[in-house]
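Student: let me see the structure of the following:
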Amino acid sequence: MPAPDFLVPVKRCEAAPGVFRVPEAAALSGAAPGDALPLGQLAGDLAPHGVSARVAAGAGASAAVRIRRDSRIAGAEAYEMTIGPDSIEICASADAGAYYAVQTLRELVALHGREIPACEIGDGPDLARRGVYHDCSRGKVPTLETLKALVERLARWKVNELELYVENVFTFRRHPAIGRGYSPFTADEVRALADHCRAHHVRLVGSLASFGHMEKILALPAYQHLGELAGYRGWPSGTTLCPTDPGSIALLADLYAEFVPLFEARDFNACCDETWELGRGRSKPEADRIGVGRVYLEFFKKVHALCVQYGKRMNAWADIVLEHPETLADVPRDACLLNWDYHPEGTRIGRTREIREAGLAVMVCPGTNAWNSHGCRLRMGMENIARFAEEGLASGAEGLLNTDWGDGGHRNPLAVSLHNLAYGAAHAWNHAATRAEGFTERFCRLALGDSSGRLADAVRTLGGAHEALGLEFSNSTLLYTTFLGPVEDFLGPEHPQCAALDRVSAAALAKHAEALSALRWPTATEDADAFLAATMEEYAFAAKLDALACRRAAALKQLRAGKTPAAEELRRLADATDETARDLERVWLLGNRPSRLRDILEGLAQAVSDYRRLAL
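Tutor: Reported below is the predicted structural model:
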């Protein structure tokens, strides 16, 4: 059986004579209490194939599947598996290795059913940290059930770290106004998620915006005095904490006291990225005196001291340090920098080695490229992930953190991110054997249960809007960013996507809308879990969103050219947008809390009103 058949390729797979047919009544035997969970998953996978499996403790000689501990297996996450004509034996030195061996065996069951080809497998990861960073702060806050189900999918792909991006979506007892209106997480929910992560060998690493991206907190009256530059990007006090105001670190100390101790992991992500207005507002006199980079670093060190206070190793995004490379030598030596860049050929990717040469730990941080789109920039995300994985391995990075953002209200469904989350997991585990060719088919078969090939074609069509419309990476958000807002916002030259609107052809928009509308998405089977059922609904809805976005873009093109679309077309657009708003609310709530759903619904209502007004 060739290694490319696996979604997450194994390091070594040598074919052997024969086939193991799992008996109808199969004993699955574990060597330690931790083996019961993955063996229970395997039993569930075997049931549709007519196997009634029983999970038992102890490495029974008569068991169909036996797990035993072997201290000679190097690495807690490594394993060896022998599939012979009579049984399957798994050897691992620790619970994690046994867990990952069973995940590989589950893939074999998905590929071959009860009749599994005999083989010898030896496996282990390329990178120690294989993470996913999931945005929960731009409008969409997943339910605890959704996050638990996501953890199980990620762990199946051998991901061992999850971070949730938190700006303000936590219930702070001492600062209750911060999360109000955003469906914030509670401390008990974080603990429950951490317990679930631990059971699946996933570290839940805390993450909290601590310098830039503080706009939602700074917009509240009680905190407006802490902003660097009032009015920046339309926010009352801008987006960045003023680093020279003692109240800034005092606020963080309060937030950290409640938030950081909830996480067992040694690492904590303090973010500290995109401090756009730094040195341009209240800290300008100090920046003029010592330089913007030094102002940034001095506050960075204060945040670092907070992390150390709670026994954490500070992780932080690397963009600002790389903007001021003279600060690299003075970054605390125990910090880990997170080097991100989401362009397939991003200039920061190659600077990973610059961080390592400065003596600092680093993680490479590509992205799914699902944000600011309804259907994902599939190929661009895959290229970005593959290049960053290669650079990370060559530079000695300690891990890969695959980011999944939700800019612009987070209309992008989680479903459209899953493909590239799996692709990142495969590269983090076994970069050399992970191939783009055929990956979408493997994903649809092994993650979504469809082997017809039609679903793979649909996923590629949905994830290729920018290519179908002839858009470059810089303009690939066109359909997403022009979808909401008053029509008048797009009639002048000010909006950054107006030039792209003028260039894209009406024929290309109509053709892509037709292709999206023709897609037929399979519905989940009756025995599918809620997460998979929601995934299939989200895929179908994403296609509907982008088809409507094409129609809206075509109407905006006409209006920009001084022509009013036909009244009948405007009325159809209004009706379709009204229907989409109802669907959006239903699909959003399948796996997410209300949070800022109302903001998007208000934007759609504005679009409906504009269409009906123009149709008069």
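
Student: show me what contacts Val362?
Tutor: Ala318, Cys336, Leu337, Leu338, Asn339, Thr352, Ile355, Arg356, Gly392, Ser395, Ala397, Glu398 (C-beta atoms under 8 Å, 6 or more residues apart in numbering). C-betas here are computed from N, CA, C, even on glycine.

Student: hang on, isn't the first one packed against Asp341?
Tutor: No - under the contact definition of C-beta atoms under 8 Å, Ala318 does not touch Asp341, with a separation of 9.5 Å.

Student: overlap of the contact sets of the two?
Tutor: Arg348.

Student: when those two are compared, which one has more neighbours?
Tutor: When neighbours are counted by other C-beta atoms under 10 Å, Ala318 and Asp341 differ, and Ala318 comes out ahead with 29 against 24.

Student: so what's that one up against?
Tutor: For Ala318, the contacting residues are Leu337, Leu338, Asn339, Trp340, Arg348, Ile355, Val362, by C-beta under 8 Å, 6+ apart.

Student: Pro496 now?
Tutor: Neighbouring residues of Pro496 by C-beta under 8 Å, 6+ apart: Thr481.

Student: and it, how far is that from Cys365?
Tutor: 25 Å (C-beta to C-beta, to the nearest Å).

Student: that older thread, neighbour-wise, which one of the contacts of Ala318 leads?
Tutor: Asn339 (30 neighbours).

Student: quick check: mean pLDDT across the one helix or strand it maps to?
Tutor: According to DSSP states H and E, Asn339 maps onto strand 336-340. Averaged over strand 336-340, pLDDT sits at 98.

Student: would you agree Thr34 falls within a helix?
Tutor: Not Thr; residue 34 is Gly. Yes - according to DSSP: H, G, I helix; E, B strand; the rest coil, Gly34 belongs to a helix.

Student: neighbours around it, how many?
Tutor: 17.

Student: elements contacting whatever helix or strand comes next after the strand holding Asn339?
Tutor: The helix or strand immediately downstream of strand 336-340 is helix 352-357, counting by DSSP H and E. Under the contact criterion of 3 or more C-beta pairs under 8 Å, 6 or more residues apart in numbering; DSSP states H and E, helix 352-357 touches strand 336-340, strand 361-365, helix 378-395.

Student: send the alpha carbons of the longest one over as CSV?
Tutor: This file holds the C-alpha atoms of helix 378-395, laid out as CSV (Å, rounded to 0.1, in the frame of the first residue of the first chain):
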residue,chain,number,x,y,z
LEU,A,378,-7.3,26.7,-1.7
ARG,A,379,-4.2,26.5,-3.8
MET,A,380,-2.6,29.7,-2.4
GLY,A,381,-3.0,28.3,1.1
MET,A,382,-1.5,24.9,0.1
GLU,A,383,1.5,26.6,-1.5
ASN,A,384,2.1,28.9,1.5
ILE,A,385,1.9,25.9,3.9
ALA,A,386,4.3,23.7,1.9
ARG,A,387,6.9,26.5,1.5
PHE,A,388,6.8,27.4,5.2
ALA,A,389,7.1,23.8,6.2
GLU,A,390,10.2,23.4,4.1
GLU,A,391,11.7,26.5,5.5
GLY,A,392,10.9,25.5,9.0
LEU,A,393,12.6,22.1,8.7
ALA,A,394,15.6,23.6,7.0
SER,A,395,15.9,26.3,9.7
